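In: fold the stuff below for me.
(one chain, ligands or ions: 4)
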Amino acid sequence: MRIDPHTHSTSSDGTDEPADVIRAAAREGLDVVGLADHDTTTGWAEASREAATVGLEFIPAVEVSTRHEGSSIHLLALWPREDPAFLSMLEKTRTARVDRARQIVSRLGEDFDLTWEGVVLKAVNAETIGRPHIADALVDLGVVPDRDAAFAELLATHSPYYVPHYAPKIEEAIVVVRSVGGVPVLAHPGAEGRTVVSDDLIADLARCGLAGLEVDHRDHSEAQKDRLSKVAGRLDLIRTGGSDYHGLGKQNRLGENLTSPEAYRLLIQARG
Ligand code: AMP
Ligand code: FE
Ligand code: FE
Ligand code: ZN
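Out: Ligands and ions are numbered 1, 2, ... in the order given. Purely as a prediction, here's the structure:
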């Protein structure tokens, strides 16, 4: 069984439509695939219909933006019910993301020909706007060759153009995800250059209801995988892996990191 619970579509910042993610997953020989767009569930219906058509098991998921003391932390929510408490948490973040994207664009607009309209054109199918859409508009203008180059400087968190956005506290998000039957898993918790989540914070989050850690992820060094495996073992957290596929938007391939069938069984058991 080949299980990849972490992919993105045009509903957020991936470049494949939800049905295309599923078709690509079938071509890669995956058996189970999760669509985990940032802060939205809008891709689920199309993806789950296509999964039924091609005979693939579908996991409805969300990569929830959260914060801890000013740092951004991504939380995968697997199988959350679309109850108001969950949906309104996501909506609040999506609204804040629009404001924040406008601020980044207005800062960049002082030095480049970038306009808000140009960015909106890159996000026509997206329920959730993010820096990758701004990157795509910069690529169109010839300012940078690709998304990677945009993130290296202009859109990096240390850039003068960068603006953060509101997101719920990580503890609060875990409680909400559990309250709607979802299984909360920390996405890429050892990604250097993003936010590395400490052993102590992981222990606190385990007490709040965290179920697992995405250990196998392309942005993790061997040292981080080692550390996270040990923490998962000590705290009885489920060890997952995923591709974080974004279509053409990143170098990653579907199924390049997988969740084992044993871990998948534990995730299913953890569903509320
Ligand atoms: P945002 O959610 O607006 O803060 O933007 C962060 C998102 O940009 C992440 O979820 C990634 O999907 C994407 N991202 C981060 N780094 C890169 C990169 N180097 N190339 C392409 N996409 C990236
Ligand atoms: Fe993304
Ligand atoms: Fe992420
Ligand atoms: Zn992701």
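In: for this structure, which residue gets nearest to ligand 1?
Out: The chain approaches ligand 1 most closely through Gly130 (3.1 Å), counting by CB to the nearest ligand atom. Any C-beta I mention is one placed from the backbone N, CA and C, and that applies to glycine too.
In: show the model's pLDDT score for Gly233.
Out: Note on Gly233: pLDDT of 98.
In: roughly how far apart are it and ligand 3?
Out: 23 Å (CB to the ion, to the nearest Å).
In: count of neighbours near that residue?
Out: 10 (other CB atoms under 10 Å).
In: repeat for the one 3 residues further on
Out: If you count neighbours by other CB under 10 Å, Asp236 ends up with 9.
In: skipping its backbone neighbours, what lies nearest it in space?
Out: Once flanking residues are discounted, Asp236 sits nearest to Ala206: 7.7 Å by CB to CB, 6 or more residues apart in numbering.
In: verify the stated contact: that neighbour with Leu237.
Out: Yes - using CB atoms under 8 Å, Ala206 is in contact with Leu237, at 6.1 Å.
In: look up the closest residue to the residue nearest the centre of the chain, ignoring the ones flanking it.
Out: Nearest to the mean C-alpha position of the chain, counting by CA atoms, centre = their mean, stands Glu63 at 3.9 Å. Excluding its sequence neighbours, the residue lying closest to Glu63 (CB to CB, 6+ apart) is Ala36, at 4.5 Å.
In: what of Arg271?
Out: Spatially, and ignoring its direct neighbours in sequence, Arg271 is nearest to Trp79 (5.4 Å; CB to CB, 6+ apart).
In: what strand or helix carries the residue nearest to Asp236?
Out: Here Ala206 sits within helix 199-208, counting by DSSP states H and E.
In: for that helix, which positions count as buried?
Out: For helix 199-208, the neighbour count (16 or more other CB atoms under 10 Å) marks 201-202, 205-206 as buried.
In: in JSON lines: these, plus distance to Gly247 and pLDDT.
Out: As requested, the buried residues of helix 199-208 are exported to JSON lines (distance: CB to CB, whole Å; pLDDT from 0 to 100):
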{"residue": "Leu201", "distance to Gly247": "31", "pLDDT": "98"}
{"residue": "Ile202", "distance to Gly247": "30", "pLDDT": "98"}
{"residue": "Leu205", "distance to Gly247": "30", "pLDDT": "98"}
{"residue": "Ala206", "distance to Gly247": "33", "pLDDT": "98"}
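In: of all those, which comes closest to Ser159?
Out: Of all these, Ser159 sits closest to Leu201, with 25.7 Å by CB to CB.
In: does that closest one touch His68 like I think?
Out: Yes - assessed by CB under 8 Å, Leu201 is found in contact with His68 at 6.6 Å.
In: thought Arg23 was touching Gly55?
Out: No - the pair Arg23 and Gly55 does not pass the contact test of CB under 8 Å, sitting 11.7 Å apart.
In: compare the two (neighbour count), which wins?
Out: Taking neighbours as other CB under 10 Å, Arg23 and Gly55 compare with Arg23 leading, 17 against 8.
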